[in-house]
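Chemist: Attaching a predicted model along with its sequence, questions to come.
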Amino acid sequence: MTAVMKVMFVDDSLVMRRLLRAFLQKWNYEVIEATNGVEAWEKFQKDPAPLVLTDWIMPEMDGIELVKRIRAAKLPGYIYVVLLTSKTDKEDLVTAMDAGADDFLSKPVEHQELRVRLREGERIVRLEQRLQAQNKKLREAQAVMVEQEKLASLGHLAAGMAHEINNPIAYVANNLVVLERDTQALLDLVAKYHEGMDTLTSGQPQLADEVRKLEEDLDLDWVMESVPRLYASSLNGLGRVRDIVRNLRDFSRLDQAQFDQIDLNAALESTAEIIHYELNTRQISLKKNFGDIPQIYCYPGKINQMFLNLFSNAIQASPPGSEIEIRTHWNGKRVVVEVEDHGCGIAKENLDHIFEPFFTTKPVGQGTGLGLSMSYTTVRDHGGTISVQSEVGHGTTFHIELPVRPPSKESKA
Amino acid sequence: MSTPEKHSILIVDDEPEILFSLRSLLRREFELFTAETGMEALDILAQHPIHVIMTDQRMPEMSGTELMGRVKTQYPDAIRIVFTGYSDIKAVIQAINSGGLFRYLTKPWDPDDLVDVLREAANKYDELVERRQLLRDTKEYLSKEQHLFRDMESALPDNNVTLKTHLEKHNESAIKLIDRVERLIKMQEKENNSDVP
């Protein structure tokens, strides 16, 4: 860290300024000068310097007031303030410290001592800057971890639910099949009885009338036609529930969180099923153009999550009536997947940033800005590439390439 | 399915609704027994001849594969099938590979598939019983033949060399065949008694 540090130097004495300016420049500081507190404060607000060297007694605004204002401003980085003073009274010095000064130097200033004190201040400022940078990195890493934890626990939930749902689906479907079979048998029985109606009418006319009335109330003909259809429709509905559950389970793939070989087309198909409802509600159509591709070795959970994220983004961007297309093909070396939407597009100035963590164009509270950055990490860890083409007002295409096998099995995707 | 007697099937699941549902589905074609726990299942096995046993994998106290392990040693003739949710599949694969299971079925199952599998299982039972009986019958027949050849050989006058030689050869063949049949019988028994983890 050899960046030149800025020093703001405030003193109403022209002589002092000339003298110390020379030294400061010789010591390689970038000097910003002011002749009094007001001027200093103005300049400081426009361009804050991390080191401030100021006289105490000055017209307009004195050093103490300047220090107080600097401290009250609560700037993100630390400002190291050294007061120059001819005061030697201990009480005054305490006042200075209380106001927030870090150090003070007695006038006349001995330049070697000034140099040492400034260097100390510089060191403190740099240490604090480093600390801030590290904290920022830690916070970001933590946020990513929390997001991943959330997704993982959602996956757990989905897998657990899937298991719970399977039993009732199993016996309801089974019961329907049994009911269908037995109802049909009952209806056949009724039809058989019906053959004897003539005999019944002549032998027991009253009973025959009662039977006919029951048949009418029941609308036997309608029942015989509708019953098979009701069963078929119910079984169909259950089948859909079962498929949704299976999709969720396949998607979360908790039981196969490790490395595995998958058919990417099938995985994309099943991930697309998950957004089926969203597509319908928003009247967006989905076109799938699946080419002949080999199976790939990957972490299926992460890959599925990545594609779900891309599909969600595409849906969010697309207006009703538009189409989203998913294409896959083999380019001879890698599997290529493209997700194209005809939505609002991404502004040119944002294109370079979309894979950065926490970058989002959504309003506060909506989305974490981590989806694309996690997708980027996933693709990278698999030894693949992800890129984007977009035009505002026309749409966006995400282009992902994945090798059949990631470069090293220890990749921590 | 025109066998005069219905095959007996024991279904084990900790969810009573599933048992009732399956009983309704299968009652016409099979003689149904149901149990909610592994222990109950073993009780039933002790009292009735069971041809096919089908169990859920996830049960409290005794899991499906554990139950099957015991069934294999104690009632090796019963054809064994396990139901499983996807997440249990590793345990089931292990059970299949260690030689215990005829099939596994996933939940939820297709009722038509289920009936097909049970019919196959019942046929398998018949086949195994028939095979064992066939082996025993064959061994018995061959033993009798062998004795017959020996008796005939000793009954012949010594100078009837050709016939004597023939009989001796037949005797030897019979002994060899008996050996082979015995080995086959032993193999079957060993398969039934092998340890299931």
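Modeler: Yep, that arrived.

Chemist: Return the residues of the stretch 1-150 of chain A in contact with chain B.
Modeler: With Cβ under 8 Å from any Cβ of the partner chain as the criterion, the stretch 1-150 of chain A does not come near chain B at any residue. (Glycine included, C-beta is placed from N, CA and C.)

Chemist: For the stretch 1-150 of chain A, give me the ranges with low pLDDT.
Modeler: Counting by pLDDT under 70, the stretch 1-150 of chain A shows low-confidence ranges at A:1-2.

Chemist: On the three-state scheme, the residue in it that chain B sits nearest to is what?
Modeler: Closest contact between the stretch 1-150 of chain A and chain B, by Cβ to the nearest Cβ, is at residue A:149 (20.6 Å). Per DSSP: H, G, I helix; E, B strand; the rest coil, the local secondary structure of residue A:149 is helix.

Chemist: Would you mark the buried spots in stretch A:205-213?
Modeler: The neighbour-count check on stretch A:205-213 (16 or more other Cβ atoms under 10 Å in any protein chain shown) flags A:208, A:211 as buried.

Chemist: ok, and what's touching it?
Modeler: Identification of contacts with stretch A:205-213 by Cβ atoms under 8 Å, 6 or more residues apart in numbering or on different chains yields A:197, A:200-201.

Chemist: show me the contacts for the spatially most central residue of chain A.
Modeler: Nearest to the mean C-alpha position of chain A, by Cα atoms, centre = their mean, lies residue A:370 at 2.8 Å. Listed by Cβ under 8 Å, 6+ apart, the contact set of residue A:370 reads A:143-144, A:147, A:357-358.

Chemist: Next: residue A:335.
Modeler: The neighbours of residue A:335, taking Cβ under 8 Å, 6+ apart as the test, are A:264, A:293-294, A:296, A:328-329, A:401-404.

Chemist: Dump these to a markdown table, plus neighbour count and pLDDT.
Modeler: Output for the contacts of residue A:335, formatted as a markdown table (neighbours: other Cβ atoms under 10 Å in any protein chain shown; pLDDT from 0 to 100):
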| residue | neighbour count | pLDDT |
| --- | --- | --- |
| A:264 | 21 | 93 |
| A:293 | 19 | 93 |
| A:294 | 11 | 93 |
| A:296 | 22 | 92 |
| A:328 | 18 | 95 |
| A:329 | 14 | 95 |
| A:401 | 18 | 95 |
| A:402 | 23 | 94 |
| A:403 | 16 | 94 |
| A:404 | 16 | 92 |
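
Chemist: so of those residues, which ones are in helices?
Modeler: Judged by DSSP state H, the subset of these located in helices is residue A:264.

Chemist: Specify which member of the contacts of residue A:335 is nearest to chain B.
Modeler: Compare each of the contacts of residue A:335 with chain B using Cβ to the nearest Cβ and the shortest gap goes to residue A:264, at 20.2 Å.

Chemist: Residues of chain B that sit close to chain A?
Modeler: Within chain B, the positions lying close to chain A (Cβ under 8 Å from any Cβ) are B:15, B:17-18, B:20-22, B:24-25, B:85-87, B:89-90, B:107-109, B:111-112.

Chemist: Which one of the contacts of stretch A:205-213 sits in the busiest neighbourhood?
Modeler: The member of those surrounded by the most neighbours (other Cβ atoms under 10 Å in any protein chain shown) is residue A:200, with 16 neighbours in all.

Chemist: From chain B, how far off is that one?
Modeler: With distances defined as Cβ to the nearest Cβ, to the nearest Å, the gap from residue A:200 to chain B amounts to 29 Å.

Chemist: residues in contact with that residue?
Modeler: Contacts of residue A:200 were listed using Cβ under 8 Å, 6+ apart, and they are A:207-208, A:211.

Chemist: For the helix or strand in which it is found, C-alpha coordinates in PDB please.
Modeler: Taking DSSP states H and E as the definition, residue A:200 sits inside helix A:197-203. Taking C-alpha atoms only, helix A:197-203 is exported to PDB below (Å, rounded to 0.1, in the frame of the first residue of the first chain):
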ATOM      1  CA  MET A 197     -87.200 -55.600 -15.800                       C
ATOM      2  CA  ASP A 198     -89.900 -57.100 -17.900                       C
ATOM      3  CA  THR A 199     -90.200 -60.100 -15.500                       C
ATOM      4  CA  LEU A 200     -90.200 -57.700 -12.600                       C
ATOM      5  CA  THR A 201     -92.900 -55.400 -14.100                       C
ATOM      6  CA  SER A 202     -95.300 -58.300 -14.700                       C
ATOM      7  CA  GLY A 203     -94.400 -60.100 -11.400                       C
END
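
Chemist: What average pLDDT does it get?
Modeler: What helix A:197-203 shows for mean pLDDT is 91.

Chemist: Count the residues that sit near residue B:39.
Modeler: A count of neighbours around residue B:39, defined by other Cβ under 10 Å, yields 12.

Chemist: Make sure it is actually in contact with residue B:59.
Modeler: No - the criterion here is Cβ atoms under 8 Å, and residue B:39 misses it with residue B:59 at 10.4 Å.

Chemist: Enumerate every residue touching residue B:43.
Modeler: Residue B:43 makes contact with residue B:35, according to Cβ under 8 Å, 6+ apart.

Chemist: Recalculate using a threshold of 10 Å.
Modeler: Shown here is residue B:43, whose contacts under the criterion Cβ atoms under 10 Å, 6 or more residues apart in numbering or on different chains are B:35, B:37.

Chemist: how close does it sit to residue B:18?
Modeler: Relative to residue B:18, residue B:43 is positioned 19 Å away (Cβ to Cβ, to the nearest Å).

Chemist: tell me, what residue is most central in chain B?
Modeler: Most central in chain B under Cα atoms, centre = their mean is residue B:77, positioned 3.4 Å from the mean C-alpha point.

Chemist: So what does that residue look like in phi/psi?
Modeler: As for residue B:77, its main-chain torsions (degrees, to the nearest 10) stand at phi -70, psi -30.

Chemist: Test my guess that it contacts residue B:50.
Modeler: Yes - between residue B:77 and residue B:50 there is a contact under Cβ atoms under 10 Å: 8.6 Å.

Chemist: what is in contact with these two at once?
Modeler: Contact criterion Cβ under 10 Å, 6+ apart; residues bridging residue B:77 and residue B:50 by contacting each: B:71, B:125.

Chemist: Intersect the contacts of residue A:335 with the contacts of chain B.
Modeler: By Cβ under 10 Å from any Cβ of the partner chain, no member of the contacts of residue A:335 lies near chain B.

Chemist: picking that back up, closest one of the contacts of stretch A:205-213 to residue A:248?
Modeler: Of all the contacts of stretch A:205-213, residue A:197 has the smallest distance to residue A:248: 53.3 Å, by Cβ to Cβ.

Chemist: Residue of the stretch 301-413 of chain A nearest chain B, please.
Modeler: Going by Cβ to the nearest Cβ, chain B is nearest to residue A:301 of the stretch 301-413 of chain A, at 14.1 Å.

Chemist: And that residue, which helix or strand is it part of?
Modeler: Assignment of secondary structure by DSSP H and E places residue A:301 within helix A:300-317.

Chemist: Tell me which residues of that helix come out buried.
Modeler: Using 16+ other Cβ under 10 Å as the burial criterion, the residues of helix A:300-317 that qualify are A:300-311, A:313-315, A:317.

Chemist: least trustworthy position among those, going by pLDDT?
Modeler: When these are compared on pLDDT, residue A:301 comes out lowest, with 80.

Chemist: isn't it right up against residue A:260?
Modeler: Yes - using Cβ under 10 Å, residue A:301 is in contact with residue A:260, at 9.4 Å.

Chemist: Output stretch A:168-175 as CSV, restricted to C-alpha atoms.
Modeler: Once side chains and other backbone atoms are set aside, the C-alpha atoms of stretch A:168-175 remain, and they are given as CSV (Å, rounded to 0.1, in the frame of the first residue of the first chain):
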residue,chain,number,x,y,z
PRO,A,168,-51.3,-40.4,0.8
ILE,A,169,-50.8,-40.0,-3.0
ALA,A,170,-50.1,-43.8,-3.1
TYR,A,171,-53.2,-44.9,-1.3
VAL,A,172,-55.6,-42.3,-2.8
ALA,A,173,-54.5,-43.4,-6.3
ASN,A,174,-54.8,-47.0,-5.3
ASN,A,175,-58.3,-46.4,-3.8
